[in-house]
Structures are given as structure tokens and as C-alpha cells.
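Novice: Predicted model and sequence below, questions to follow.
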Amino acid sequence: MTKTIERIPLLPYSLDAPRQLVVHRYGQPGARPKAYLHGSLHADEVPAMLVLHHLVRLLDEADRAGAIKGEIIVVPMANPIGTSQVINSRHVGRYELSGGGNFNRNWPDLFVGLADRVRDRLSNDAARNVTVIRGAMLAELEARTAGSEFASLRLALLRLAVDADVALDCHCDSESLLHLFLVPAHWPTAADLSAEIGSRATLLSEESGGQAFDETLSTPWTRLAQAIPDKPIPAACLSATIEYRGQAEVGDEWAEPDARALFRFFQRRGLVAGDPGPLPPPQCEGTRLDACDVVRTPAAGIVAYKQPLGAAVTAGTVIAEIVDPTAEDPRAARTPVRTVADGLLLARRSDKLVRPGDSLAKVVGTKTLPSRTGHLLED
Ligand SMILES: [Zn+2]
């Protein structure tokens, strides 16, 4: 057995005992490849924690059989701050209530200063460069201190993940089909991940503008390769965000097969011994995130959807009508909201009372949309 459990205390928010991260570690420390996974950084996106609960069970079995070949780190509950946030009996886990903002935005930019720290130590040996760069990023994170509980959470998760070959940030959407976010440098090399997990949309962007956790790990490599073009610098961290459907789809009937798919991906990538069988046929191609229409409401009211999840829609299709229940004439109470993309209706919202500007849907198109520049995420 190689498994160990580590408990990492966060900086205490109050005089109470500190909250802690529970970390499941498999394989010999330093073994390659290394995979890192965590669940529900947005703490109200509960399907991800159940998937990783099942994955831990599968990895425990593999470990007992001596089948762990690389190093695997799993943090099933990545956000003990957010899991404890309850207002009037309702769990709220997307933003830190004490003022830290969206839990998956504004992660530290690990590219800052990196080129200067490694430039003189790089050679024409790509594998050696990867080791040097990982070491420099780890050393920089080890030297940092955190000034708040949320900052200590960010730092602890980054220290576990930054030198991984594969880092998977497991979330879910509001009401949604399963999908995946990647930087384009990992497409189509990550087509095996996309097919194995059954992604219905694999969305690619160099930088979404939100400095999400996955990008904080992947973009230092692509930006370093641009900054130092005369040295071979591969995109050495396949970092991705997986959206495990919608918030209500929490159950073993989804989570257990989802965990098995991750396990087969690890077998395919040499992290775990054994034959994963043939790769399932892909359910999507990689498409650009700036071709994905985020449909927003211009009006306040009640959302009445006109299209189901998974519908094939075209530009001009009415996705929903926004109903004003206070209108004197019900015939004038409805505002149609249309998509500007041709494609798959990937996601809708579960909260049906909306304010102007709220996101109603995502439609996965293939053609870059002029409206989609700058910040590409929903919020
Ligand atoms: Zn999320």
C-alpha cells in the first residue's frame, strides 16, 4: 500500500479550530506521471465531490493490488470554507462570504517573474527544462505566505498541484451536459480525456480572463514558451476544468461511472496499471470558447425555457421567454431571448428568477462570435 492521508490546516478565520483539507495521496512521492484532482472549489457544485469519493474507492482498490504506477493526489473536498457557508438554511458556495470573491477567479498569476527566474537555467533538453520550471514554481510557492484563510486555501491547493502532469479541477454547471475547459495547447492531445469522460463540449481558450484555477496552472507554460522562444518548453501541465453536469445531478448513478472514466483515463496515461479497453467514440470536437454564446437576459422576470438541454439550435432561436408577472396585459408580459450561435444548447440556469444581465444559457457554436471578447466566463 502506498496510500497516505494528509490533513492540511488552513489559516484560522476565527478563534475556532482551523478548517482543514483532507488529501489522499497514492504512489511514491515524485513518481511520474503525477495527477492532481480536486472537487467542488465552487462549494455548491456537489457532483464533483461525489465523483472523487468514488474515485478514491477505486484508487484504494488499485493501490491494494499494487497497480499505482505514478503519483496521484486527490482532494475530494477542495473548499472547506465554502462548504460551511449557509444563509437562511441555503448553502451558498460560489463566492466567499467574507469578501474574497468568486472562489475560482483571480488565482495568483504564476507566470509573473518566472521567465527571469529560469531563463539562465534552460537548455535544449525539453524534459530537463520541465524539471527546472516545475522546481522554480514550487520554490516560489513554498516561499509565499498567506494573509487570509482563503489565501491559505489557494496556496495549499497550488502547492499540491503545480508540478502535476495532469491537474483536473472538478466542478459542475447550473443545469448542464457534461463539458470540459482546456487551453488550446492541450488540444487535440487531451482528446482521450474528452472522449473518456463523455464530454459533450470541449471549450478552448488561451485565457478566459477570469484567472481560473486550471489556467493558473496551464498558462505559465504557454506564456513561458512565447517569452523564451529559443528553448524547448512544452505545455507540461494538462490542466482542465470538468463540469459534471448540473447542480441537481448528484447521485451514485452518475458519479460512479464518472469515476470509472477518470480511472480508465489514468490507465491510458500510465498512472495506473491495467487495460482500460478501447477509447469510447468522442461526443464532441474541441471548439473555441469565444464561439460559445453566453445568452443573457435583458429584462428581469421569470425564465420560461423554450428549448431543452441538448437541443440543436440556430442563430435566432428563442431559448427562453422572460415573464413579467406584474404586467397588466399578460400578452405583453413576455420578452423572448434568442441565441446568436448555431449549435448545441449546453447549459441553462436552475434559478428561474432573473435580473438583467444574468446568464440564461450556453450555446456551443463553432464560429467565433464578435460579441465574445475580453472576459469569456459567466461571472
Ligand atoms: Zn464551478
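Specialist: Sure, I can see it.
Novice: which stretches of the stretch 1-150 of the chain form strands?
Specialist: Per DSSP state E, counting those that start in this stretch, the stretch 1-150 of the chain carries strands over the ranges 4-9, 20-26, 34-39, 71-75, 86-87, 90-91, 95-96, 101-102.
Novice: Repeat that for the stretch 251-379 of the chain.
Specialist: 286-288, 292-296, 301-305, 312-313, 318-323, 334-338, 343-348, 353-354, 359-364.
Novice: Make TSV out of the ones you listed and add mean neighbour count and distance to the ion.
Specialist: In this view, the C-beta of every residue, glycine as well, is placed from N, C-alpha and C. Listed next are the strands of the stretch 251-379 of the chain as TSV, based on neighbours: other C-beta atoms under 10 Å; distance: least, C-beta to the ion, whole Å:
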stretch	mean neighbour count	distance to the ion
strand 286-288	20	20
strand 292-296	21	15
strand 301-305	18	20
strand 312-313	17	24
strand 318-323	20	21
strand 334-338	16	23
strand 343-348	24	11
strand 353-354	16	19
strand 359-364	25	13
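Novice: among these, which is nearest Y244?
Specialist: Closest to Y244 of the strands of the stretch 251-379 of the chain, according to C-beta to C-beta: strand 343-348, at 12.2 Å.
Novice: list the contacts for A311?
Specialist: Contact analysis of A311 by C-beta atoms under 8 Å, 6 or more residues apart in numbering lists 344-345.
Novice: What pLDDT does the model give it?
Specialist: On pLDDT, A311 comes in at 98.
Novice: How about I233?
Specialist: Taking I233 on its own, its pLDDT is 98.
Novice: Would you mind measuring from it to L217?
Specialist: Computed as C-beta to C-beta, to the nearest Å, the I233 to L217 distance reads 15 Å.
Novice: so what's the residue nearest to the spatial centre of the chain closest to, chain neighbours aside?
Specialist: With distances taken as C-alpha atoms, centre = their mean, T241 lies nearest the centre of the chain, 2.2 Å away. Nearest non-adjacent residue to T241, counting by C-beta to C-beta, 6 or more residues apart in numbering: F181, 4.2 Å away.
Novice: so the one you found bridges to which residues?
Specialist: Beta-bridge pairing of F181, defined through DSSP bridges, involves L203, T241.
Novice: so L224 makes contact with I133?
Specialist: Yes. At 6.7 Å, L224 and I133 qualify as touching, with contact defined as C-beta atoms under 8 Å.
Novice: so what sits against both of the two?
Specialist: Joint contacts of L224 and I133 (C-beta under 8 Å, 6+ apart) are 114, 118, 233.
Novice: which among the residues you listed gets closest to the ion?
Specialist: L114 (26.5 Å; C-beta to the ion).
Novice: Could you check how far the closest one is from V130?
Specialist: Applying C-beta to C-beta to L114 and V130 gives a distance of 13 Å.
Novice: Also R94?
Specialist: 34 Å.
Novice: which residues touch the nearest residue to H42 once chain neighbours are set aside?
Specialist: Distances taken as C-beta to C-beta, 6+ apart place R94 nearest to H42, at 5.0 Å, with adjacent residues excluded. Contacts for R94 were tallied using C-beta under 8 Å, 6+ apart; they are 42-44, 82, 102-103.
Novice: Likewise for T314?
Specialist: D342.
Novice: What distance do you get for it to G99?
Specialist: Distance, T314 to G99, using C-beta to C-beta: 43 Å.
Novice: Show me which residues of the stretch 51-200 of the chain sit near the ion.
Specialist: Residues of the stretch 51-200 of the chain lying near the ion by C-beta under 5 Å from the ion: H171.
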